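A.B. asks: Here's my sequence, what's the structure:
(chains A and B)
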Amino acid sequence: EVQLVESGGGVVRPGGSLRLSCAASGYIFDDYGVHWVRQAPGKGLEWVSSINHIGDRATYADSVRGRFTISRDSAKKSLYLQMNSLRAEDTAFYYCVRWSGNYPIYFFDYWGQGTLVIVSS
Amino acid sequence: SALTQPASVSGSPGQSITLSCTGASSDVGTYKHVSWYQQYPDTAPKLLIYGDDRRPSGVSDRFSGSKSGNTASLTISGLQAEDEADYYCCAFSGGETFLWVFGGGTKVTVL
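C.D. replies: Alright, predicted model coming up:
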């Protein structure tokens, strides 16, 4: 069974940093890219970042580019999101999501349960 | 959002409803294939449709997708109480940019 388990959320002050982790299991980690998708409380989904299966291609939404860094560790079967210069508008549930499909048909087939990040003074 | 969805759609049990997802003039023509996700309150989204009209195994055949021009659509046939949820479309940018965008979501209410 595919499982994605996020951790690392919490309360942080504006301008602060936080590192989210996602532990993957139940599939061959190196065969799939992974994304982070976030959802502010009561709001819609927002794609944040992706990293391909090799780990040599990362992309970011305009809203986080230059502040967030996505990475992965094959040995630990884990995905990370380093978040710096956090703002109030970054407050959201952050979901780790598996990237499936073949170009140009891509989709998100498995989602973690999310970890909550609150940016507040 | 670069993709526009109606905020809410409602229907009676047994009816069919269609949710739209419209891109800007260059969008869904520029964006590649659309996927759809269902989300219940306080739970993670679930994949319903990918590649505009393909249904993953395990998803009810009451859900179907299509795309024409700048608009993608999700149709729910034989509406049931359990279909009351939020629905999101998502498109991939294609090309060299490798970006994704979600619509704002549609709340489906079963009357």
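A.B. asks: Report the next helix or strand after the lowest-mean-pLDDT helix or strand in chain B in sequence order.
C.D. replies: Lowest mean confidence among the helices and strands of chain B (mean pLDDT, DSSP states H and E): helix B:27-30, at a mean of 54. Toward the C-terminal end, the helix or strand that comes next after helix B:27-30 (DSSP states H and E) is strand B:34-39.
A.B. asks: Name the residues that touch whichever helix or strand comes after that next one?
C.D. replies: Counting by DSSP H and E, the next helix or strand C-terminal to strand B:34-39 is strand B:46-49. Contacts to strand B:46-49, defined as C-beta atoms under 8 Å, 6 or more residues apart in numbering or on different chains, come from residues A:107-109, A:111, B:34-39, B:55-56, B:59, B:63-65, B:74, B:87. Quick note: C-beta positions are derived from backbone N, CA and C, even for glycine.
A.B. asks: Now, of those residues, which are buried?
C.D. replies: A:107-109, A:111, B:34-39, B:55, B:59, B:63-65, B:74, B:87 (16 or more other C-beta atoms under 10 Å in any protein chain shown).
A.B. asks: what about the helices in chain A?
C.D. replies: Counting by DSSP state H, chain A has no helices at all.
A.B. asks: Let me know the average pLDDT across stretch B:98-111.
C.D. replies: The pLDDT scores in stretch B:98-111 average 94.
A.B. asks: That should have said stretch A:42-52, apologies.
C.D. replies: Stretch A:42-52 comes out at a mean pLDDT of 96.
A.B. asks: Mind listing what's buried along that stretch?
C.D. replies: Neighbour counts over stretch A:42-52 (16+ other C-beta under 10 Å) mark A:Gly44, A:Leu45, A:Glu46, A:Trp47, A:Val48, A:Ser49, A:Ser50, A:Ile51 as buried.
A.B. asks: In strands, which of the residues you listed fall?
C.D. replies: Assigned to strands by DSSP state E, the following of those qualify: A:Leu45, A:Glu46, A:Trp47, A:Val48, A:Ser49, A:Ser50, A:Ile51.
A.B. asks: Run through those residues and flag the ones next to chain B.
C.D. replies: Counting by C-beta under 8 Å from any C-beta of the partner chain, A:Leu45, A:Glu46, A:Trp47, A:Ser50 from these sit close to chain B.
A.B. asks: And the longest strand that chain A contains, what does it pack against?
C.D. replies: Secondary structure assigned by DSSP E gives strand A:92-102 as the longest strand of chain A. Counting by 3 or more C-beta pairs under 8 Å, 6 or more residues apart in numbering or on different chains; DSSP states H and E, the packing neighbours recorded for strand A:92-102 are strand A:3-7, strand A:18-25, strand A:33-39, strand A:45-51, strand A:105-111, strand A:115-119.
A.B. asks: same thing but at 6 Å, please
C.D. replies: Applying 3 or more C-beta pairs under 6 Å, 6 or more residues apart in numbering or on different chains; DSSP states H and E, we find strand A:92-102 packed against strand A:33-39, strand A:105-111, strand A:115-119.
A.B. asks: and it, average pLDDT?
C.D. replies: Strand A:92-102 comes out at a mean pLDDT of 96.
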